[in-house]
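Novice: Quick one, what's the 3D model for this:
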Amino acid sequence: MSVRVCCVQMAPEVGDVKGNVKRMSEYVDEVMSKEAVDMIVFPELVTSGYECGDMFIDLAEYVETSDTIHFMCKVAKKYAVHVVFGFPERRSREKKEVFNSCVYIDSDGHVCGTYQKMHLFGQEQNYFSHGTKFPIFNTPFGKMGLLICWDTAFPEAARMYSLQGADFLIVSSNWEKPYQDDWDLVVSARALDNCIPIAAANRVGKDKTLGFFGHSRIVGPTGKVIRSLDQDVEGYITADLDLNQSKRLRQEYYTFFRDRKPQLYTELTN
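Specialist: Predicted structure coming up:
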C-alpha cells in the first residue's frame, strides 16, 4: 500500500481567514490539475496565521459550524482528495476551550476528526489549551497519526502513535527562524526512531515578529529525505510513501519494537 502525499508551503496572512482559505483552495486546484495526489497537507494555523494574539478567541471555529471547514470539505470532495490543515478550534464558549488543532477531511468531503496540539510552544500557552489524546485516523491507505510543530520535538509523541499501529505520520508546522537545522533533524529523527514515513508541511513568510523558513519535507522510514522544499518560498512538494516498507524494515534491521524493554523505562513518566 502507498499514499501519494503533497505538502503545501505557503505564507498565510494574520487574521485573514477568507483570504487564506481562498489561497488554500487555489493550491488544491493547482496541485490536482497537474498530478494525481491522494492527500494534501497544509501548515499549522494556516487559516488564521500564527501571531494572532487575543484575536485567536474570535478566530477560533467550531468544527460543526465552521465556514472554513465546510468550504474545504467541498474542495476535497470535488477532487476526491484527502486534506489536512491547521486552524484554531473552539470546543465551547470558555476561553480555555480553544485549541491549536489540525482537521482531517477525507476524499468524500467528510470531517474525520481533529487533533489538538499536545505540546504548546511559548506564547501559544496564553491562548490555547493543550490536547490530551493521540487519535489514530483510519484512512484508505493505512493508519495515520497527526502532529503539530513542537510536538515533533518530543520522541514520546511519535512513539505513542507508532505503538498504536500508525503506518505514517503527518505534521503541520509553523517552525520559525533561525531553527532550520533543528526542524530538519527532528523530522528525520522521529521517522528513524519509529521506522515510519513522515510528511511535514512548514510555512514561510513573516507575521508580526517571527519569520518562517519552509523546509517542508517528505521523509522515509529511515529518516532519509525523499523530497524537500528547502527554500524560503511558497510552493509544494509531492512524493509516494510506501507504507509496506516500514513493515519489511522492522523485520530485518530496524527491530526497535521487537527489542524495546518498556519495563525498564518507568522513570520516563515519573
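Novice: got the contact list for Thr152?
Specialist: Counting by C-beta atoms under 8 Å, 6 or more residues apart in numbering, Thr152 touches Ala158, Val171, Ser173, Trp183, Val186, Val187, Arg190, Ala200. C-beta: built from backbone N, CA, C; applies to glycine.
Novice: That one should be in a strand, yeah?
Specialist: No. Membership of Thr152 in a strand is not supported by DSSP: H, G, I helix; E, B strand; the rest coil, which gives helix.
Novice: That one and Phe42, how far apart?
Specialist: According to C-beta to C-beta, to the nearest Å, Thr152 stands 16 Å off from Phe42.
Novice: Then Glu234?
Specialist: 12 Å.
Novice: Between those two, tell me which one has more neighbours.
Specialist: Phe42 (29 against 16; other C-beta atoms under 10 Å).
Novice: Got a quick PyMOL command for the buried subset of the contacts of Thr152?
Specialist: The PyMOL selection below is limited to those of those classed as buried (16 or more other C-beta atoms under 10 Å):
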select buried, resi 158+171+173+183+186+187+190+200
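Novice: okay, the contacts of Thr152 in TSV with distance to Ser107 next?
Specialist: Conversion of the contacts of Thr152 to TSV gives the following (distance: C-beta to C-beta, whole Å):
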residue	distance to Ser107
Ala158	25
Val171	21
Ser173	24
Trp183	29
Val186	30
Val187	26
Arg190	26
Ala200	21
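Novice: Between the contacts of Thr152, which sits nearest Glu267?
Specialist: Ala158 (19.9 Å; C-beta to C-beta).
Novice: Pull the contacting residues for that closest one.
Specialist: Residues in contact with Ala158 (C-beta under 8 Å, 6+ apart) are Gly145, Leu147, Thr152, Leu169, Arg190, Asp193, Asn194, Ile196.
Novice: May I see the ChimeraX selection of the buried members of these?
Specialist: Typed into ChimeraX, the line below selects the buried ones among the contacts of Ala158, using 16+ other C-beta under 10 Å:
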select :145,147,152,169,190,193,194,196
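Novice: Okay, now the unreliable bits of the chain?
Specialist: 93-96 (pLDDT under 70).
Novice: Just the terminal-to-terminal distance for stretch 231-245.
Specialist: 29 Å (C-alpha to C-alpha, to the nearest Å).
Novice: For it, list every residue counted as buried.
Specialist: Asp232, Glu234, Tyr236, Ile237, Thr238, Ala239, Leu241, Asp242, Leu243, Gln245.
Novice: Which residues are in contact with each of Glu234 and Phe42?
Specialist: Common neighbours of Glu234 and Phe42 (C-beta under 8 Å, 6+ apart) are Met10.
Novice: Closest one of the contacts of Thr152 to Lys261?
Specialist: Relative to Lys261, the closest of the contacts of Thr152 is Ala158; by C-beta to C-beta it sits at 18.8 Å.
Novice: Doesn't that closest one belong to a strand?
Specialist: No. Judged by three-state DSSP, Ala158 forms no part of a strand; its state is helix.
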